[in-house]
Each structure stands twice: as C-alpha cells, then as structure tokens.
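In: coordinates only, no sequence provided:
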C-alpha cells in the first residue's frame, strides 16, 4: 500500500485534532500547580490525581512541549506561561548542591531520589532551549547551553557519575548517544549552538559503528566498549521501540542534511531490523523487550505493550515513508497507528493508557505516573502533524 | 471443606515426590560448577544454560537447601558436598573488601553488582548455619554467627548502608523484620544462637505494631518510621504474597512457642487481610502488587502471577489450617495449591515456570535467572512435607 495525498491530509488532520483537542486538554490547564509551580501529572484515567509528587524528567518534558507548541503551532499565552512554571520549578528545586539534577521530588520540590543518569538534565536542556526561543530570554538560553555542556561531560568523561555496576564487565548503552543526538537537535532548532553538528555526527557514528549489527540484522541496546555483544542476559536484551526511536532521530538528521542518503539508509535499516524483532505477529503491537538470540529475557514483563514505543514507531515509519516513498513503511505505519489508536487511546477521557498486556487488554489505568506524562504521545502527534504539513 | 487424614497423607506424599523426584533433580547435579565452585542456575525450561553468571542470593539459598535436605530428609553425601561448594564460593568470592556482599558475580566470582540491601548476607547466614550443622564445622558456624551479628547491625543502625532515597520522606519496609525473623529461626534450628528469641520477638512486635493495619484490614509493605501510611504511589503499594510469607514466619514462631495463641491470631489475621487483597477472583492465583486504596500501581506488571508468592501462600494456608483446624484455610490452601501446580508446574521438564500473565498463560520460560533458582519451590515442598509428617 501507499498513502495518497488525501490519506496524508486526513492523517495530518487526525494528529492535529488528537493533539489539540484530546491529548493536550487532558493535561492542561488542570496540571499546572498554582501553589508550588511545576506540574501535577500523576493522574488516573479520568484525570483524578493519584499522587502529587513530581518526576523531574516529566517536568522538563512538559515545559519543552508547551514552549514547542508556542513556537511552532500557535502563540497562545497559556502555553508560554505554562512552560515558564515548569522552567522555574526545575531551576528552583530540581538541582542538587553538587550540580546534578534529581529524578523525583515532592510537590514542594524536596528531593526524594537522584539517579545515576543525566536524563533529567537533557530534558531540562530542551525545555530551557524551547522556552528561551519562545520568550527571547537570553539568560535561560545561556543556562540551556551551559547545562548541555555538562551533559556532554557526563556523556564523555568516564567516572563522572557514580557507577551502578562494578568494573568487571564494562558496557555502554545506546541511550546516551540517542538522547544526546535528540537534545542537540532540539537545541539547534531553537536557540542554536555551534557544537551541535559535530557532536550529532559523532554520536550517529557511535551508533552505526558499535550498536548496529548487520550480520545478525539487529540494533543492540547495550554492548561492550569495543562494540562486541555481551553474551549475558542483560547484554542480550533488546528494546525494539527504543532502537526505532534512535532510527527516527537519525532520519530527522538526514532530513535536516538535505536528505542525506547515507543517513536515510542507516535509519531505515535500523527500522527494518527492529520491526522484524519487535512487531508482535500474534497480537500486533510492539513487544517491549526481546533477547537477541530468542532466549528468555530477565524482565518477566518483556512481552507487555507500552505506550511510548508505539509513539516512536509511528514517527519512525511515517518519517521513513516520507523520505523514501517505500510502501513498506506506509504499511507498517498504518499497522502500528491502527493498533495504537485502537488499543491505547481512551475515547472516554482522552489521552492514552500506558500499559497493555501482550494480548492488548489494559494492564493498569494510570495516564500519568513517575514515568508517564505529556511527552511521547503529544510529541508524536506534534511531530507527525508538522512533518505532514511539509510534505502535503 | 476440611482435609481428612487421608487427604493430608496424600498431600505429604505429593510434596515429597515433587521435591525429590521433580524439583531437586531439575537443578542437581547438573548445576554444580565443577570448574569454579558454586552453582550454574540460570536455565531455560529444558535446563539449558542461558547465562553462566551467579546471583549471590541464590548461591546462598541453594547451599541452605542442600544442607537442610541433608539435615532433615536423608544423609546423602552429594547433598553435603553440594552445599559445601556453595559455601566455599560465597566465602571465596562474594564478599567485597568493605565486608558487604555482592549481589551478582561472574562464573569465576568477579563482581558485577552490589546492592544497597543485606539480603545476600542473610542467605549466607542460613546457608552456613545449615552446613555447619550438617558437617559439624565449628569454623563455619562461627562465621554464620558473626555475619548474623553484622545483619543485626545493618537492620538496626541507620545510615550503615548507602541510602537509595533522600531523607525527605523516610520509610521502612516489612522485608527487613521478615527476613531477620526467618534468618534467626533458621539459625536457632540449626546451630542455635541465644540472641534469636529476643530478636524474633522484637521483629514480630515491629510488624504487628507498624505494618498490620486493622482499621483497613491490611498488611503494609512499607510505612513511615512511626508506622503511618505514606499516601504516595510507592507507599501505597502492597505485596500480598510477601505479607503472607511474613504471616507464616509468625505462625512458625507460634508453633515453636507451643502454639502461642496471640501469634496464631496475628499470623492468621495477616493471611485473612492479604488473601482478600491478593487472590485474583477473576482468574485465580495471587496478584503480585495491589494499591492499598485500589489506585493504579506504579509497577505496570502488577497483575502478573509470580511463582514465589504461590509457594509462600501454600505454606501459609497449610500452616494456618494445621494450627487452627479452620476449614477456610484448607479451602484456600486447596485453591492456591491447585492453581499453582496446574499453571506453574512444567510436567515435561520438571520444576515451575516463574512468570505468568494475569490470565495464567506463561509469560516467559526461564526456570532460573538473577532472581529465580532452587529456593521458594523446594522450600515450600520441603516445609509442607515436614509439617504434614508432624501432624499425621
């Protein structure tokens, strides 16, 4: 199959309508915390609050979303103000005295937990960069650039963050180059930063050289420092939806670089490999984890369907289709889109459920918790809407 | 319903046969690592090895099991020798230079990961205590007593182990008093230790006072230091199978103390509360997590059925029945026993699968991994067999 212009137009309208009349209104304005700043996102299916704690990743991601909507969709004052409350909460409460950010804080911003990753930082970078573009606030722009510099240090200087594992079996994950590519892309597209192009090339090279395995048609989630496969349970565990998210970051770069043929080939190959491993041929949907050699995975819930891999694969397949015209990607896009909007979407209260059993039934009803909030779904609807605006 | 003497006799034969002709032969002798010592337990459904790493908890648990079989079932030399290889591996490879034990090591005993808990230590205590009784090795007995002393320190001196969470919202879990009760009971029943009685009373009191909530008929998994409920996602999360494991440790103590009426009442009440919350009225089996107020749980896989809660609830209900004669416990025992042996047991290769979906279908096929090995199932079959020997 392929998508006609009418199909693409319909899709664009659909994503736009879902984003602006279903997803964003589920979260806003009710999630703005008028008392302490930031957002209250831990909500059940009907929007009722199940916890007033704040997940720092998601505070940053939501501030990014609101500023991005302001920058690219419509100059609504509520979006600009909404973004600022998140930025202020991050700056006032989410940095520890050692400069690292927390992962989980209370409603008033007291720290609950810090983790040994710097993803809170990367989401704060894109939030501040998008808000700085929206507001013209040069001070916030500088903080975004400084914090990006710190992320580069965390990503490149070994031992800067405490290690979770002993040194016996060193490994590296695809998550770091992936998040850094996306952070740099966002920074470049908002306030600009001359470091970005070189670093993006370097991190794409890292993925291509060390994580993409053509001999076994696979994108690894983690590998040894020399890129070899670590043949133990953890080392063998694949996350197909994550790898396909990495693929669309690379396809996005291909588009930015005037449809760079090598990057299109790389991104599409990553999708090809991981669609084959991730798509559930029995029930449809993207399986969360797979073992590279089809052995049992340590994580017993490996065959659940989570919302976010579906968002990432919807973007990846649509972007691959628009860049190549290959009908396979239209077919895959339609498969994952139809599965996701029929299984995850809540037509009663809006937004998506987060967690399905393998068979597609709902495993639990939270719309927001420590890991889920307004990010993957609205980003997908926004990205696909913008992409389709360009091609139709 | 109630169990007749014939029923109890049949059950005893069943558990004995499963233990000695199904469960233990799945693991031994093939899991003994002749090259490096210790055991190779990460195995798929057919016994094939999926990883040669070693989980320290399970090395200790298996050494305990083999010595316990030697002490209580039959003086088989292979069990005594098999226990010793685990003890030696623990002593030679599983202690860090700071005296803390590792959680996960390679086949040759190089460290992969240390965690901020002392459960590796408690399982090493019961392993060494059981082996010391079996062998008469006074040196190992002393090491067991010393390490138990260290566990008491970890359990009672705040700040001795690094904290996972910041100090904003202090909490304590039922896991610590539970594991300490069981460790002390094992120590007392093997090599004896005069500290045990007082500490066991103290830890039971701690559970009774701070974790059992009669007003809402619930046993909490964690609470604030003063015993109050922490009304946030983590604080509200219950683990019914774990609470019922705690219940049988208390019933075991009741039996040891000449059927102490107060402890019988306490243990049975804990079962009553948590059976109601944990038993899946739709599909049968014990749900892994529940929210105390029926809100969504953070852990998306909360409705899976794991093997080990079923082992613990089989023991708890059978022990409650033998102590009280209350027909309810015979009925519950039969429900959980029938569910578990029909859904988890692998009649082809022996032993149990570890992880079922809510509907009882198998989620993945590993018999052993970082968290599963020869412990909960053989302990249940052994404990129930011994218990039934006493009452029939």
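Out: Nice, thanks for sending it over. Since we're looking at a predicted model, the values are computed, not measured. Numbering: from 1, shown residues only, chains lettered A, B, ... in the order given.
In: C-alpha only now, for contacts and for neighbours.
Out: Noted.
In: quick one: buried residues of stretch A:235-246?
Out: Of the residues in stretch A:235-246, A:235, A:236, A:237, A:238, A:239, A:240, A:241, A:242, A:243, A:244, A:245, A:246 count as buried by neighbour count, 16 or more other CA atoms under 10 Å in any protein chain shown.
In: from those, which land in strands?
Out: Taking DSSP state E, the ones among the buried residues of stretch A:235-246 that sit in strands are A:237, A:238.
In: so the residue nearest to residue A:138 when sequence neighbours are not counted is in which element?
Out: Using CA to CA, 6 or more residues apart in numbering or on different chains and skipping the chain neighbours, the partner closest in space to residue A:138 is residue A:132 (6.5 Å). In this structure, residue A:132 sits in helix A:119-135 according to DSSP states H and E.
In: residue A:347: how many residues sit nearby?
Out: 11 (other CA atoms under 10 Å in any protein chain shown).
In: how would you label it: helix, strand or coil?
Out: coil (DSSP: H, G, I helix; E, B strand; the rest coil).
In: so it versus residue B:149, what's the distance?
Out: As judged by CA to CA, to the nearest Å, residue A:347 and residue B:149 stand 58 Å apart.
In: before we move on, what about residue A:120?
Out: Note on residue A:120: its distance to residue B:149, by CA to CA, is 40 Å.
In: neighbour count winner among these two?
Out: residue A:120 (25 against 14).
In: quick one: residues contacting the closest residue in space to the more buried one that isn't next to it in sequence.
Out: In space, and not counting its chain neighbours, residue A:120 is closest to residue A:57: 4.7 Å by CA to CA, 6+ apart. Counting by CA atoms under 8 Å, 6 or more residues apart in numbering or on different chains, residue A:57 touches A:103, A:119, A:120, A:123, A:124.
In: is it true that the last one touches residue A:144?
Out: Yes. Because the distance of 7.5 Å satisfies CA atoms under 8 Å, residue A:124 is recorded as touching residue A:144.
In: what about the closest residue to residue A:285 other than its chain neighbours, how many residues nearby?
Out: Closest residue to residue A:285 apart from its sequence neighbours, by CA to CA, 6+ apart: residue A:279 at 5.7 Å. Around residue A:279 there are 19 other residues, counting by other CA under 10 Å.
In: and residue A:158, by the same measure?
Out: Per other CA under 10 Å, the neighbour tally for residue A:158 reads 10.
In: same question for the one 4 residues further on.
Out: Counted with other CA under 10 Å, the burial measure for residue A:162 works out to 10 neighbours.
In: cool, and residue A:99?
Out: Look at residue A:99: counted by other CA under 10 Å, it has 11 neighbours.
In: so how far is residue A:179 from it?
Out: Taking CA to CA, one finds residue A:99 at 20 Å from residue A:179.
In: let me see the domain layout of chain A.
Out: Domain assignment for chain A by automatic domain parsing gives A:1-30+A:211-392, A:31-170.
In: would you turn these into JSON lines with mean pLDDT?
Out: JSON lines is the format used below for the domains of chain A (pLDDT from 0 to 100):
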{"stretch": "domain A:1-30+A:211-392", "mean pLDDT": "97"}
{"stretch": "domain A:31-170", "mean pLDDT": "95"}
